[in-house]
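Peer 1: Dropping a prediction and its sequence here:
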Amino acid sequence: MNRNLQEARRWLSQASYDLDAAALNAREGFAALACFLAQQAAEKALKAYLYAQGERPVLGHATHLLVRQCQEYDPSFEALRDICRRLDQYYIPTRYPNGLPDGIPQEVYTADQAQDAIAGARQVLAYVQERLSLEAER
């Protein structure tokens with residue numbers, strides 16, 4: 001296996017782990033953390049794709065910008081743009097009280113938001129896994 005795909009697999013493995021942790025947090029009522037972990041799963045999945053393309057280093061946390069980078073290799077990543085825009089809203093305010101105008105994350109984020117974030121991250125992860133399996137077959 002080439003080194004780029006090996007690094008991509010490491011990132012995909014962590015993305016999957018984060019997504020499992022998001023689902024666990026959602027089940028246990030920790031919606032804010034579930035939303036954040038879902039965003040992290042999507043971010044790591046997109047970075048996995050970019051590592052597979054040979055990019056080094058892959059920096060940044062905004063998934064909508066990472067999708068744009070992925071589109072340079074595969075324009076079909078446009079399909080993930082709106083999902084990533086939603087997920088990016090969970091990067092900072094789900095973790096810090098000063099990321100919200102009032103209240104704290106644990107009081108603001110809902111189970112529905114957590115489920116939406118998890119569903120979006122699942123789509124991103126599946127999309128990347130599919131693209132990388134197609135590349136591995138070449």
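Peer 2: Great, that's in hand.

Peer 1: pLDDT on the helix or strand hosting A121, on average?
Peer 2: A121 belongs to helix 111-137 when elements are defined using DSSP states H and E. In this model, helix 111-137 carries a mean pLDDT of 92.

Peer 1: Which pLDDT value goes with N2?
Peer 2: According to the predicted model, the pLDDT of N2 comes to 89.

Peer 1: Let me know how buried it is, in neighbour terms.
Peer 2: N2 has 11 neighbouring residues, counting by other CB atoms under 10 Å. In this view, the C-beta of every residue, glycine as well, is placed from N, C-alpha and C.

Peer 1: can you check the one 10 residues further on too?
Peer 2: By the measure other CB under 10 Å, the count of residues near L12 is 23.

Peer 1: what's the answer for the one 4 residues further on, then?
Peer 2: Neighbouring residues of S16 were enumerated by other CB under 10 Å; the total is 16.

Peer 1: buried residues in the helix holding A121?
Peer 2: 113-118, 120-125, 127-129, 131-132, 135 (16 or more other CB atoms under 10 Å).

Peer 1: and that helix, what does it pack onto?
Peer 2: helix 3-27, helix 31-52, helix 81-88 (3 or more CB pairs under 8 Å, 6 or more residues apart in numbering; DSSP states H and E).
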